[in-house]
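Novice: Whatever this is, show me its structure:
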Amino acid sequence: MGIRAVVWDVDDTIFDYTTADRSGMRAHLAAEGLLEAHGGVDAALDRWRECTERHWTRFSAGETSFEGQRRDRVRAFLGEPLSDTEAERWFLRYMGHYEAAWALFPDVLPALDLLAAGHRHAVLSNSSLTVQDRKLRVLGVRDRFEAVLCAAELGVSKPEAGAFLAACAALELAPHEVAYVGDHPEIDGRGAADAGLLSVWIDRGTAPAGAGGPSGAHRIATLAELPALLGSDTRFGAPSTFG
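Specialist: Below you'll find the model as predicted:
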């Protein structure tokens with residue numbers, strides 16, 4: 001039996017997180033008068049991304065609350081011992097700019113439209129349901145997915161096999177009947193392959209520097225290649241030239 005469902009990562013797979021985060025923070029720093037306060041715009045944006053990853057990892061490990069990681073990101077970025085109220089207000093001002101920049105990648109809706117008749121769809125993210133359910137609704141695609149699973153609620157995160165198997169269980173399908181599409185070569189690509197899913201790594205150029213292609217994963221450069229890979233319609237796109 002072929003692939004019956006596609007499970008999707010969200011950030012930098014269907015949602016252009018990197019652009020929204022950097023554009024939103026750039027606008028926020030300008031509004032706060034901080035564009036040059038951290039060694040220039042690029043250095044400030046890189047510092048914000050590092051703070052985000054560090055404190056989200058603490059949240060994922062259960063070391064802090066969802067609200068706590070937001071406040072700690074602000075304190076680490078500014079290097080100031082802000083009160084909870086001060087840090088939260090700063091973060092909410094940033095969120096206004098960040099959400100104004102939210103957008104799907106342009107290849108997402110065409111792929112979802114073509115696959116809608118032949119495949120079921122779900123989401124598996126290393127974020128939280130609080131974040132991703134709202135994001136999918138704002139982007140207008142929540143109804144495309146019959147299930148949205150996130151690491152914060154599952155208690156297990158990618159690349160652990162248990163996260164991918166939980167998505168399969170939610171769909172009541174065996175791993176070999178499910179494809180997983182994600183942008184990170186190790187967390188998504190290798191993790192899905194090791195769990196027995198058809199692993200599809202979409203190379204959006206956001207992978208860590210020096211990262212190679214994951215073994216066991218199909219590498220594509222655009223979602224236009226996905227329907228052909230899944231065998232749904234070879235008229236849509238061409239097989240990946242990456243091998």
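
Novice: top helix in this protein by residue count?
Specialist: helix 41-60 (DSSP state H).

Novice: by contact count, what packs against that one?
Specialist: The contact analysis (3 or more C-beta pairs under 8 Å, 6 or more residues apart in numbering; DSSP states H and E) places helix 41-60 against helix 17-32, helix 66-78, helix 151-154. For every residue, glycine as well, the C-beta is placed using N, CA and C.

Novice: what about K135, neighbour count?
Specialist: As a burial measure, K135 scores 22 neighbours (other C-beta atoms under 10 Å).

Novice: Tabulate the helices and strands packed on helix 41-60 (CSV), appending distance to E172.
Specialist: As requested, those are exported to CSV (distance: least, C-beta to C-beta, whole Å):
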stretch, distance to E172
helix 17-32, 30
helix 66-78, 30
helix 151-154, 17
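
Novice: what residues does the longest helix of the chain touch?
Specialist: Applying C-beta atoms under 8 Å, 6 or more residues apart in numbering, the contact partners of helix 41-60 are 21-22, 25-26, 29, 34-35, 37-38, 64-66, 68-70, 72-73, 76-77, 126, 151-152, 157.

Novice: ok, 7 Å please
Specialist: 22, 25-26, 29, 35, 38, 64, 66, 69, 72-73, 76-77, 126, 151-152, 157 (C-beta atoms under 7 Å, 6 or more residues apart in numbering).

Novice: One more: stretch 183-201?
Specialist: Contacts for stretch 183-201 (C-beta under 7 Å, 6+ apart): 3, 9, 12-13, 158-159, 161, 164-165, 175-176, 178-182, 202, 204, 206-207, 211-220, 226, 229.

Novice: what sits against D203?
Specialist: 219, 221.

Novice: Mind pulling up the pLDDT for it?
Specialist: At D203, the model reports a pLDDT of 93.
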